[in-house]
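Asks: model this:
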Amino acid sequence: MFRTEVEACDAAAAGHDLDETFSSSRGVPLSLRWVYVSMIQEYARHNGHADFLRSRVDLSG
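Replies: Have a look, this model is predicted:
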């Protein structure tokens, strides 16, 4: 399922420049670059949460 979503995102972004802008659902102009950076930051936060939870599990054993 994850791979399918990645492929769909790749297809949607293909042929667009990173500095190309579009309007969000709230009418805020965003660039493709901003979207990519935001996604990377979000993944980093989730990975940090997973690391913390894993360290808690390891300590409880």
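Asks: how about the strands in the protein?
Replies: Secondary structure of the chain (DSSP state E): strands located at 21-23, 29-31.
Asks: Please work out which of these is packed deepest.
Replies: Mean neighbour count (mean count of other C-beta atoms under 10 Å) peaks for strand 29-31 among the strands of the chain, with a mean of 13. Yep, even glycine has a C-beta here, placed from its N, CA and C like the rest.
Asks: so what secondary structure elements neighbour that one?
Replies: strand 21-23 (3 or more C-beta pairs under 8 Å, 6 or more residues apart in numbering; DSSP states H and E).
Asks: Tell me the strands beside the strand it packs on, with direction?
Replies: strand 29-31 (antiparallel) (DSSP bridges).
Asks: avg pLDDT for the partner strand?
Replies: The pLDDT scores in strand 29-31 average 97.
Asks: From the chain's centroid, how far away is it?
Replies: With C-alpha atoms, centre = their mean, to the nearest Å as the basis, strand 29-31 stands 15 Å off its chain's centre.
Asks: Can you pull out the residues in contact with that strand?
Replies: Applying C-beta atoms under 8 Å, 6 or more residues apart in numbering, the external contacts of strand 29-31 come out as 18-24.
Asks: ok so, going back, may I see the strands of the chain arranged in CSV, with distance to residue 45 as well?
Replies: Formatted as CSV, these follow (distance: least, C-beta to C-beta, whole Å):
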stretch, distance to residue 45
strand 21-23, 24
strand 29-31, 19
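Asks: Between these, which one is closest to residue 50.
Replies: Nearest of the strands of the chain to residue 50, taken as C-beta to C-beta: strand 29-31 at 27.3 Å.
Asks: Thank you kindly, that will do.
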